[in-house]
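**Student:** based on what follows, work out the 3D shape:
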Amino acid sequence: MVEKITEKAGHPVPESDGRDNRLSGLGALTGIAVGVGTGAAVALLHRAGVRPPGRLGGPVTGALAMVLTDIPIAGLGISDPRTWSLADWTADALPHLAYGLVTYGLISAAHRHR
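**Tutor:** Numbers count the residues shown, from 1 in each chain. Next comes the predicted model:
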């Protein structure tokens, strides 16, 4: 995904011995950016009083992060989620669910301690 983004932005990662490492690092930074951005957005919404009912906060936060990751993958033509197997969806959903549970849990805990 990062490779396509850098190419579309007009700054492709040049061919070199360290190219794979650069792409891997950019991929990790992209994931961090999505995670931080999602967490910040959910925290702002939470502070404004917009909260999912009951125990849905974690799964909703994880689903939001998943959507923000999967839409660019589909939009750039890297992969088509409509063709994914159950194993593919599970491999995508479980880490996002874990992220959502931890992130929303921390946001809720911080709000309670104010």
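
**Student:** pLDDT score for residue 59?
**Tutor:** Residue-level confidence at residue 59 comes out at 98, pLDDT.

**Student:** who's in contact with the residue sitting nearest the centre point of the chain?
**Tutor:** Nearest to the mean C-alpha position of the chain, counting by CA atoms, centre = their mean, stands residue 65 at 3.9 Å. Counting by CB atoms under 8 Å, 6 or more residues apart in numbering, residue 65 makes contact with 34, 35, 38, 96, 99, 100, 103. Bear in mind the C-beta positions are built from the backbone N, C-alpha and C, glycine included.

**Student:** from residue 58, how far off is the last one?
**Tutor:** Here residue 103 is placed at a distance of 8 Å from residue 58 (CB to CB, to the nearest Å).

**Student:** same thing with the first one?
**Tutor:** Shown here: residue 34 relative to residue 58, a distance of 17 Å by CB to CB.

**Student:** where is the longest helix in the chain?
**Tutor:** helix 19-47 (DSSP state H).

**Student:** centre of the chain to the following helix or strand past it, how far?
**Tutor:** Going down the chain from helix 19-47, the next helix or strand is helix 57-75, by DSSP states H and E. Centroid displacement of helix 57-75 relative to its chain, using CA atoms, centre = their mean, to the nearest Å, is 6 Å.

**Student:** so which bits of helix 57-75 are buried?
**Tutor:** Neighbour-count burial for helix 57-75 flags 57, 58, 59, 60, 61, 62, 64, 65, 66, 68, 69, 70 (criterion: 16 or more other CB atoms under 10 Å).

**Student:** just want the angle from it to helix 19-47.
**Tutor:** Here the directions of helix 57-75 and helix 19-47 differ by 140 degrees (axes from the mean of the first three to the mean of the last three CA atoms, to 10 degrees).
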